[in-house]
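> the following comprises the amino acid sequence and a computationally predicted model.
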Amino acid sequence: GESVGLHLPTLSVQEGDNSIINCAYSNSASDYFIWYKQESGKGPQFIIDIRSNMDKRQGQRVTVLLNKTVKHLSLQIAATQPGDSAVYFCAEIMNSGGYQKVTFGTGTKLQVIP
Amino acid sequence: EPEVTQTPSHQVTQMGQEVILRCVPISNHLYFYWYRQILGQKVEFLVSFYNNEISEKSEIFDDQFSVERPDGSNFTLKIRSTKLEDSAMYFCASGRSIQNTIYFGEGSWLTVV
């Protein structure tokens, strides 16, 4: 079946370094993708999204890259800070039958070492 | 910044009891969702709601679950007879349109004992 998954379950980075979190997806019909950040005991927090017709999108300290050829999505965080420590989910969104179907990946835990 | 709010933040209930989880979506949003996350697992879709009716529901959303929008602001999830396996964090989410990002609340942590 269609699925969204993550390559690395845990990523440790030094404060100040750049982080790259990866995600593989299998549904080429997805309309767009979102990266969410989830801190312990809290809800998913929207970080950035990218439409399926785009290759790259930049936000504040974050960049999302979409490679449709290999069905790969990545989140780059520049100058990683301790407050970036959280679980990051990629989510695949398809507009289906009048609603948005959001399929989450399993998540990557980012640990920032001070 | 507008946000989705949920109550209660944490509820402990005995198996077999009814539970109602409440959500106030962002005011100009029209699409509403419930998701759940069992501890240590990924977020799972439960149900979507638009125009006062269910648009889609997952296999998790069985006859024990129901949703309602009793007034213009609240969106509720009811579990009629809770089971131990219903213990999870339940997230409400809302979106302005089918083309826009959906935003999540902070969640309601349900513990069934």
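Alright, I've got the coordinates.

> give me the contact list for stretch A:55-70.
If you take C-beta atoms under 8 Å, 6 or more residues apart in numbering or on different chains as the criterion, stretch A:55-70 is touched by A:28, A:33, A:35, A:47-50, A:52, A:54, A:72-79. Bear in mind the C-beta positions are built from the backbone N, C-alpha and C, glycine included.

> just the ones in strands from those, please.
A:33, A:35, A:47-50, A:72-77 (DSSP state E).

> dump stretch B:63-79 to CSV, restricted to CA.
C-alpha atoms of stretch B:63-79 as CSV (Å, rounded to 0.1, in the frame of the first residue of the first chain):
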residue,chain,number,x,y,z
ASP,B,63,-19.4,2.5,16.2
GLN,B,64,-18.0,3.5,19.6
PHE,B,65,-16.8,6.8,18.1
SER,B,66,-18.9,9.8,17.1
VAL,B,67,-18.3,13.4,16.3
GLU,B,68,-20.5,16.4,16.5
ARG,B,69,-20.4,20.1,16.0
PRO,B,70,-23.1,21.2,18.4
ASP,B,71,-22.8,24.9,17.8
GLY,B,72,-20.8,27.2,15.6
SER,B,73,-17.5,26.8,17.5
ASN,B,74,-17.1,23.4,19.2
PHE,B,75,-16.2,20.2,17.5
THR,B,76,-16.4,17.1,19.8
LEU,B,77,-15.3,13.5,19.7
LYS,B,78,-17.2,11.1,21.8
ILE,B,79,-16.1,7.6,22.8
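
> tally of neighbours for A:Glu39?
By other C-beta atoms under 10 Å in any protein chain shown, 13 other residues sit near A:Glu39.

> got the residues of chain B near chain A?
Residues of chain B lying near chain A by C-beta under 8 Å from any C-beta of the partner chain: B:4, B:31, B:33, B:35, B:41-45, B:48, B:50, B:55-56, B:89, B:91, B:93, B:95, B:98-99, B:101-107, B:109.

> check the offset of stretch A:24-39 from the chain's centre.
Relative to the chain's own centre, stretch A:24-39 is displaced by 7 Å; criterion: C-alpha atoms, centre = their mean, to the nearest Å.

> average pLDDT for that stretch?
On average, the pLDDT along stretch A:24-39 is 87.

> likewise for stretch A:103-111?
Stretch A:103-111 shows a mean pLDDT of 86.

> and that stretch, how far apart are its ends?
24 Å (C-alpha to C-alpha, to the nearest Å).

> quick one: contacts of that stretch?
A:2-13, A:19, A:21-23, A:27, A:36, A:38, A:44, A:77, A:80, A:84-94, B:41-45.

> what comes up buried for that stretch?
Buried residues in stretch A:103-111, counted by 16 or more other C-beta atoms under 10 Å in any protein chain shown: A:103-110.

> how far away is the residue most central in space within chain B from chain A?
Nearest to the mean C-alpha position of chain B, counting by C-alpha atoms, centre = their mean, stands B:Trp34 at 3.3 Å. Distance, B:Trp34 to chain A, using C-beta to the nearest C-beta, to the nearest Å: 12 Å.

> my read: that residue touches B:Cys92, true?
Yes: here B:Trp34 reaches B:Cys92: they are 5.9 Å apart, a contact under C-beta atoms under 8 Å.

> which neighbours do those two share?
Common neighbours of B:Trp34 and B:Cys92, using C-beta under 8 Å, 6+ apart, are B:21, B:23, B:77.

> going by distance to chain A, which of those wins?
B:Cys23 (11.0 Å; C-beta to the nearest C-beta).

> which ones are touching the nearest residue to that closest one once chain neighbours are set aside?
Once flanking residues are discounted, B:Cys23 sits nearest to B:Cys92: 3.3 Å by C-beta to C-beta, 6 or more residues apart in numbering or on different chains. Contact analysis of B:Cys92 by C-beta under 8 Å, 6+ apart lists B:4, B:6, B:21, B:23, B:25, B:32-35, B:75, B:77, B:104-105, B:108.
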